[in-house]
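Novice: generate coordinates for the sequence data below:
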Amino acid sequence: MDKRTQKTRQAIRNAYITLLLDRHAPRLTVTAIAREANIDRKTFYLHYDTVEDVEQDYNHQLTLELLGYLDEEGFFAGNPDAGCFFRACNRLIAAHLALFQHTVFQSRLSDAWEEATAELTGLIADRYADSVTVRRDVLCIYIRFLLAGSHAIYRDWIRGQLKFDIEELGRIATDAAFEGFSAIME
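Specialist: So this is what the prediction gives:
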């Protein structure tokens, strides 16, 4: 993809997020996004077919960003480390806190979370498939379990239901992932 195309697609994604987060913005339409991106509708349609396509592309970009953070944290080097996973999640949330704050209160966005979870599960499973002793389908269950728990605790934290700072939340989640309930039972 050439730089001009990348720049236009980024402008469209940025416009989408700006309008999504603006409580006074009109409904998300192609016209509104094109106007915010300072392009015409025809240019929008050269890059996307629908507003939902922009949402899917944006979610894909977030997934790739998380994978980049996981790489930087060393998650894929050697044995999986839950601490690396939660530090990467913390970085993603910190980078896009306004978006995550908005989305946890929008039930219609649960489909987007499911799509992102499925994509991330597949990408992580692909990276680990040759270095684990379980079948790929079993590995996917482990990954989905970790992602579902992560989603739940971060959602509750963003909603203000958990009174920890994000680093402490990550440490608690790491302990839970490594130790499970057996570590706290006497």
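Novice: count the neighbours of D40 for me.
Specialist: For D40, the neighbour count with other Cβ atoms under 10 Å is 12. (Each C-beta comes from the backbone N, C-alpha and C, glycine too.)
Novice: please read the previous query as pertaining to A129.
Specialist: 13.
Novice: could you check how far the closest residue to it other than its chain neighbours is from T43?
Specialist: Nearest non-adjacent residue to A129, counting by Cβ to Cβ, 6 or more residues apart in numbering: R136, 5.2 Å away. Separation of R136 from T43 (Cβ to Cβ, to the nearest Å): 41 Å.
Novice: shaky segments in the protein?
Specialist: For the chain, the stretches flagged by pLDDT under 70 are 24-26, 107-111, 180-186.
Novice: domain assignment for it?
Specialist: With domains defined by automatic domain parsing, the chain comprises 1-49, 51-183.
Novice: ok, and the closest non-adjacent residue to I93?
Specialist: Closest to I93 by Cβ to Cβ, 6+ apart is F100, at 5.5 Å.
Novice: in what helix or strand does that neighbour lie?
Specialist: helix 97-103 (DSSP states H and E).
Novice: in that helix, which residues are buried?
Specialist: 99-100, 102-103 (16 or more other Cβ atoms under 10 Å).
Novice: and that helix, how far out from the chain's middle?
Specialist: In terms of Cα atoms, centre = their mean, to the nearest Å, the centre of helix 97-103 is set 11 Å apart from its chain centre.
Novice: what's it packed up against?
Specialist: For helix 97-103, the elements it packs on are helix 3-21, helix 136-158, judged by 3 or more Cβ pairs under 8 Å, 6 or more residues apart in numbering; DSSP states H and E.
Novice: swap in 6 Å and give it another go.
Specialist: Using 3 or more Cβ pairs under 6 Å, 6 or more residues apart in numbering; DSSP states H and E as the contact test, no helix or strand touches helix 97-103.
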